[in-house]
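1. Sequence plus predicted model, see below.
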Amino acid sequence: MADIPRAELMRAFLALIVTIIIMGVGLFGAAGRLDWALGWWFMAAFIVLTVVAIVWIWRLNPDIFVARNRLTRQGSKGWDVVLVILLLACYLATLIVAGLDARFGWSTAPGWAVALGYVLFVVGYWGSGWAEAVNRHFEPTVRIQSDRGHQVISTGPYAYVRHPGYISANLLTIGIALALGSLWALLPVLIGIILLAIRTSLEDATLQRELPGYAEFAQKTRFKWVPGVW
């Protein structure tokens with residue numbers, strides 16, 4: 001079994017390479033040039049943070065690489081597969097719109113906004129990584145993982161909110177748009193946040209109905225995203 005996480009670790013680095021290529025094409029293809037400093041700074045930050053996250057999570061929760069090596073599995077909810085595809089489209093659109101913004105000069109984010117973007121990007125990446133590090137059931141799509149001994153996770157960030165990975169994803173994507181210096185890129189980000197709120201509500205209702213112990217967990221950990229808000 002020890003060889004399986006190592007094989008999945010290599011798969012994760014291969015996926016990173018593919019992701020970098022897709023991101024690069026989306027960003028610089030839309031920008032129409034390669035001499036875009038904000039684009040290169042963002043790509044460098046993404047690569048460094050992702051490598052650190054992969055190594056960190058592999059040390060703490062190597063099972064997650066097996067859990068996340070496929071988009072769907074038997075039992076994945078059909079509505080969630082649709083939402084995941086739409087969310088991925090929003091994330092790609094964020095990069096493309098930012099690149100087009102750089103090409104045509106639709107907006108110019110001030111320096112403080114770009115700096116804030118990197119802060120949100122790092123915090124969001126850290127929050128998402130923390131959630132994955134403590135939750136071996138952090139699969140790409142919603143399903144009751146009876147084949148993997150699905151149980152409620154209430155440690156780490158889950159002691160504070162029920163869906164820490166989602167609020168972290170929101171911070172991360174807002175940070176991406178700002179780090180790339182694009183205010184227009186916040187539009188697909190906003191659409192993604194709305195979709196993620198819908199997904200959160202549907203997933204939470206599913207877990208309360210189908211996962212033993214989750215309804216009690218929801219009564220104890222009252223908020224889905226932000227303590228005291230929602």
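-> Alright, I've got the coordinates.

2. in this structure, what secondary structure element scores lowest on mean pLDDT?
-> Least confident element among the helices and strands of the chain, by mean pLDDT, DSSP states H and E: helix 63-67 (a mean of 83).

3. other SSEs contacting that one?
-> Helices and strands touching helix 63-67, by 3 or more C-beta pairs under 8 Å, 6 or more residues apart in numbering; DSSP states H and E, are helix 3-31, helix 37-60. From N, CA and C alone the C-beta is placed, and that goes for glycine too.

4. could these be laid out in a markdown table, adding mean neighbour count?
-> A markdown table is the format used below for the helices and strands packed on helix 63-67 (neighbours: other C-beta atoms under 10 Å):
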| stretch | mean neighbour count |
| --- | --- |
| helix 3-31 | 15 |
| helix 37-60 | 16 |
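
5. Now do the residue nearest the centre of the chain against L14, distance only.
-> The C-alpha lying nearest the average C-alpha coordinate of the chain belongs to A169 (C-alpha atoms, centre = their mean; 4.4 Å). Distance, A169 to L14, using C-beta to C-beta, to the nearest Å: 23 Å.

6. can you check V48 too?
-> Using C-beta to C-beta, one gets 18 Å for the distance from V48 to L14.

7. Tell me the helix or strand right after the helix or strand encompassing R209.
-> Applying DSSP states H and E as the criterion places R209 in helix 186-210. As assigned by DSSP H and E, the chain's next helix or strand after helix 186-210 is helix 214-220.

8. what does that next one rub up against?
-> V152, S154, R162, D204, L207, Q208 (C-beta atoms under 8 Å, 6 or more residues apart in numbering).

9. Name the residues of it that are buried.
-> Y214, F217, A218 (16 or more other C-beta atoms under 10 Å).

10. just curious, which of the residues you listed is nearest to S182?
-> S182 has its nearest neighbour among the buried residues of helix 214-220 in A218, at 37.1 Å by C-beta to C-beta.

11. V134 versus the closest one, what's the distance?
-> Taking C-beta to C-beta, one finds A218 at 18 Å from V134.

12. do L178 as well
-> For L178, the distance to V134 - C-beta to C-beta - is 28 Å.

13. Compare these two (neighbour count), which wins?
-> Neighbour totals were compared for L178 and V134, and L178 leads with 26 against 20 (other C-beta atoms under 10 Å).

14. List the contacts of that one.
-> So L178 contacts A109, A113, V114, L116, G117, Y118, L120, L186 (C-beta under 8 Å, 6+ apart).

15. Once you drop chain neighbours, what's closest to the residue nearest to the centre of the chain?
-> Spatial nearest neighbour of A169, chain neighbours left out: S128 (6.0 Å); criterion: C-beta to C-beta, 6 or more residues apart in numbering.

16. Pretty sure that neighbour sits against T173.
-> No. At 10.7 Å, S128 does not count as touching T173 under the criterion of C-beta atoms under 8 Å.

17. Could you list the low-pLDDT ranges of this structure?
-> 1-5 (pLDDT under 70).

18. Please repeat the previous calculation with a cut-off of 80.
-> Along the chain, the parts satisfying pLDDT under 80 run over 1-9, 69.
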